[in-house]
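Peer 1: everything below, folded, please.
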Amino acid sequence: MNVFWFLCVFIFGLVHSYRAVIQNYDVEEIKERHRRSVSTDRRSVIRNISPEDRPSCPPGQSSPPNRINSTVRLRNLRNEMRIIGIDAYIIPSEDAHQSEYTSRYDQRRKFICGLSGSAGYAIVTIKKATLWTDGRYFLQAEAEMDCNWILMRKGEKDVPSSTEWLISVLEEIENATVGSYPFFLGSNSWTLYEEELSKNNMKMIKTNEDLVGKIWTTGRPPFPNSPINALPYKFSGRHWHEKTADMHVAMKERNADAMVVNGLDETAWLLNLRASDIPFTPVFFSYVIVDRKKNQTILYIKNHNIKLTSNPTDEATTQKLYEHLNTGKDGSCSGKPGYCVEVREYNPVAVTDKVSSVIEYSKRVWISPICSYAFYSLIPKEKLLQENTPISIQKARKNPIERQGMIQSHVRDAVALISFISRLEKEVKAGIRWTELSAADELSKYRGKQKYNRGLSFESISSSGPHGAVIHYSPSNVTDKEITTDEVYLLDSGGQYLDGTTDTTRTFHFGTPTDFQKECYTRMLMGNIDLANVKFMKTSFGPYGRELDILARRHLWNSGLDYRHGTGHGVGMYLGVHEGPAGIGMNRKQPFNDYPIEEGQFFSDEPGYYEDGSFGVRVENVMEVKKVNLKYKFRDSVFLGFETITLVPVEPNLIKYEMLSGDQIHWLNTYHKKVQDTIGPLLINTNREAYDWMELRTRTITRAVSSGPRTFVSLLITFFSFTLYFVLLL
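Peer 2: Have a look, this model is predicted:
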């Protein structure tokens, strides 16, 4: 990449950073849309939006097989709304800890509307029901929601925000009220709803109960209550009492006497504990209060008396929970020297009461920007410190042992993935039947055989043909499709290991792809390589991931294509496969929570393209942010770059090599050489078939390929060379 292009990209990014042009996030969208009032004409248009506007809902259309019937559920919910006297009810996707991925017990939004994707929120009035979701789930929502529901495709032209819609449909109701359960709605979303609705004589009110939970009386999974195990030092890299001491230092710097920890991944990281309360994410339901003024750390967990003294269920540790936390068998710190964690029963009411008492004697109380409104509303403004917690920042910036674990876990994961795909391709070509489900199930077995594996990091996205265009598709018995040599096959999967979390996407065609499919794949791959290859200067004001996003999109943009999702997300260390606060994407979520790119963070690099009803292509690698040494050294500067730690070959059958630049071919050759050198020795004596598959796909590209002005120059050189040759022959 030349210097001129880098400067253009960097300046472009800075301009967008300062303008805060960030789309597809609820709070920012609300702010933007309400810089102007909602006109009377627009309100009329919004009121007339109906389920019949959806492609699958006009009269006479057949219903997809995986839809739920929401009629009775909506009727029951509306009865509850009438009882407490509210005109609308907001149902977010999140649980009481604002988790992106939730336990099955907490999937209220899925229960009420049918959408199983992780992102989206529903609003139900007495007469209407509407769901907003982002581009990852447009097709999925269309298939899974019945025709009681309006579908709002966030980010598309003329789609109203949730507040615009509420103001429009409730305007004829005097002093209309909108309710939500305050533990489930984030503080930023709540305050913005409150602000905008109040301008129209409408009011946000807290409900004392979860209304969806109240009507979900049959078939609801139990509240999660999995065993909690200590994560040994050889994986965590720091003892929990060292981390707690770090918290006290950070709190002192910000003049905070207490910190309320709401996020489940933050609790797990801080105390070096793991469990399985949420599928694919090794966390447990908990709250932590770090009280610097009283030098006290309090942990709230379910069935604390039993769990404190139970034997560990993970063979990696021998410590019981009370031993690990240096507390009493009853959770008391009485008589315990040094750092001790006081352990109490998980009870939101008890936690709320304790937070209220801590507030009374604290100068400032620190909470996360994604804390629930229930806790936010307890803290007076003059005592409130709401910004990224030091836990979230240090958790994302991995320590040396965590970094090494992330690298090694990706090596083992690559062995599993290459071993499986080499078999899959051979058998599909031989006519042996494989389906999306059978492939996903078999791959999980390959991962399960790897050292330190503790399951999957998310439900595998195993998608053939048109299912690949459904960005977060997950196969089911209803939708399962055969994998053939006639269609593109997209596989996005990952594993949880004691020393790391993986997330890898590869796209294949086991037959003859079309020229358009190959061009789409190649343009996507070019963006993937350009982002992985960029070097950037670390400054006091960034860079942020949104300033690099264009690198991944520009080759698609050059042909009029794009993708409706972010380019990269943070990745946890045996924690969430999606980790904040930093990320890469124009539509980066939570701009109030965004954070610069720093050394030691890990991100995915996953541009894609999706042709509705036909195919999808995506390549996803995980990258480590590292300091880089370059040819020159600008005064007092630090430059960073990415090192790709995913080690799985890309699909040569889908690449148009003539489109790649010399720099891109050099990167690809270097990457594939690393795959050969690292993974090859692990396969050559154990799985020769997988080794040969890997070796064939990682051979050096020797053909000289270039683009742009240099193509014309090379043609001139070729022309004059042949001319000279024939002259000499004569």
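Peer 1: so where's the chain uncertain?
Peer 2: Screening the chain residue by residue with the criterion pLDDT under 70, one finds the ranges 1-38, 587-591, 703-730.
Peer 1: next SSE downstream of the longest helix belonging to it?
Peer 2: Ranked by residue count under DSSP state H, the longest helix found in the chain is helix 400-429. Once the chain leaves helix 400-429, the next helix or strand it forms, by DSSP states H and E, is helix 436-448.
Peer 1: who does that next one touch, helix- and strand-wise?
Peer 2: With contacts defined as 3 or more CB pairs under 8 Å, 6 or more residues apart in numbering; DSSP states H and E, the secondary structure elements packing on helix 436-448 are helix 400-429, strand 453-456, strand 461-464, strand 488-493. (C-beta placed from N, C-alpha, C; glycine too.)
Peer 1: tell me the buried residues in the second one?
Peer 2: So that's strand 453-456. Across strand 453-456, burial judged by 16 or more other CB atoms under 10 Å covers 453-454, 456.
Peer 1: what's the offset of that strand from the middle of its chain?
Peer 2: Here the centre of mass of C-alpha atoms in strand 453-456, compared against the chain's by CA atoms, centre = their mean, to the nearest Å, lies 18 Å away.
Peer 1: using CSV, write out every CA atom in that strand.
Peer 2: In CSV, the C-alpha atoms belonging to strand 453-456 read as follows (Å, rounded to 0.1, in the frame of the first residue of the first chain):
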residue,chain,number,x,y,z
ASN,A,453,-11.2,-27.7,23.9
ARG,A,454,-14.3,-26.8,25.8
GLY,A,455,-16.9,-26.7,23.1
LEU,A,456,-17.9,-24.3,20.4
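Peer 1: report all helices and strands that it contacts.
Peer 2: For strand 453-456, where contacts count as 3+ CB pairs under 8 Å, 6+ apart, the packed elements are helix 436-448, strand 495-497.
Peer 1: residue 310 is nearest to which of those?
Peer 2: The minimum distance between residue 310 and the helices and strands packed on strand 453-456 falls on strand 495-497, with 21.5 Å, by CB to CB.
Peer 1: give me the distance from the closest one to the chain's centre.
Peer 2: Taking the mean C-alpha point of strand 495-497 and that of its whole chain, the gap between them comes to 16 Å (CA atoms, centre = their mean).
Peer 1: got it, and stretch 243-250?
Peer 2: 27 Å.
Peer 1: neighbouring contacts of it?
Peer 2: The contact list for stretch 243-250 (CB atoms under 8 Å, 6 or more residues apart in numbering) reads 259, 269-272, 290, 292, 297, 339, 390-391, 394.
Peer 1: pull the most distant pair out of the residues you listed.
Peer 2: Those two in the contacts of stretch 243-250 that are separated most widely, counting by CB to CB, are 272 and 292, at 20.1 Å.
Peer 1: more crowded one of the two?
Peer 2: Between residue 272 and residue 292, counted using other CB atoms under 10 Å, residue 272 has the larger neighbour count: 23 against 20.
Peer 1: at which residues are the strands of the stretch 251-400 of the chain located?
Peer 2: 258-261, 273-274, 286-291, 296-301, 341-345, 365-367, 384-386 (DSSP state E, counting those that start in this stretch).
Peer 1: and the most centrally placed residue in the chain, how far from residue 121?
Peer 2: Residue closest to the mean C-alpha point of the chain, counted by CA atoms, centre = their mean, is residue 578 at 3.6 Å. Using CB to CB, to the nearest Å, one gets 17 Å for the distance from residue 578 to residue 121.
Peer 1: circling back: rebuild the strands of the stretch 251-400 of the chain as CSV, extending it with mean neighbour count and distance to residue 165.
Peer 2: Rendered in CSV, the data for the strands of the stretch 251-400 of the chain read as follows (neighbours: other CB atoms under 10 Å; distance: least, CB to CB, whole Å):
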stretch, mean neighbour count, distance to residue 165
strand 258-261, 27, 32
strand 273-274, 26, 41
strand 286-291, 24, 33
strand 296-301, 22, 37
strand 341-345, 20, 40
strand 365-367, 25, 29
strand 384-386, 18, 27
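Peer 1: ok, the residue nearest to residue 486 when sequence neighbours are not counted - contacts?
Peer 2: Nearest in space to residue 486, with sequence neighbours left out and distances taken as CB to CB, 6 or more residues apart in numbering, is residue 511 at 5.6 Å. Applying CB under 8 Å, 6+ apart to residue 511 gives the contacts 484-487.
Peer 1: residue 255: which of those is nearest?
Peer 2: For residue 255, the nearest member of those is residue 487. The distance, counting by CB to CB, is 59.4 Å.
Peer 1: which non-adjacent residue is nearest the closest one?
Peer 2: Nearest non-adjacent residue to residue 487, counting by CB to CB, 6+ apart: residue 465, 3.7 Å away.
Peer 1: so that neighbour sits against residue 490, correct?
Peer 2: No. The pair residue 465 / residue 490 is not scored as a contact, 9.4 Å apart, by CB atoms under 8 Å.
Peer 1: of those two, give the one with the bigger neighbour count.
Peer 2: residue 490 (28 against 20).
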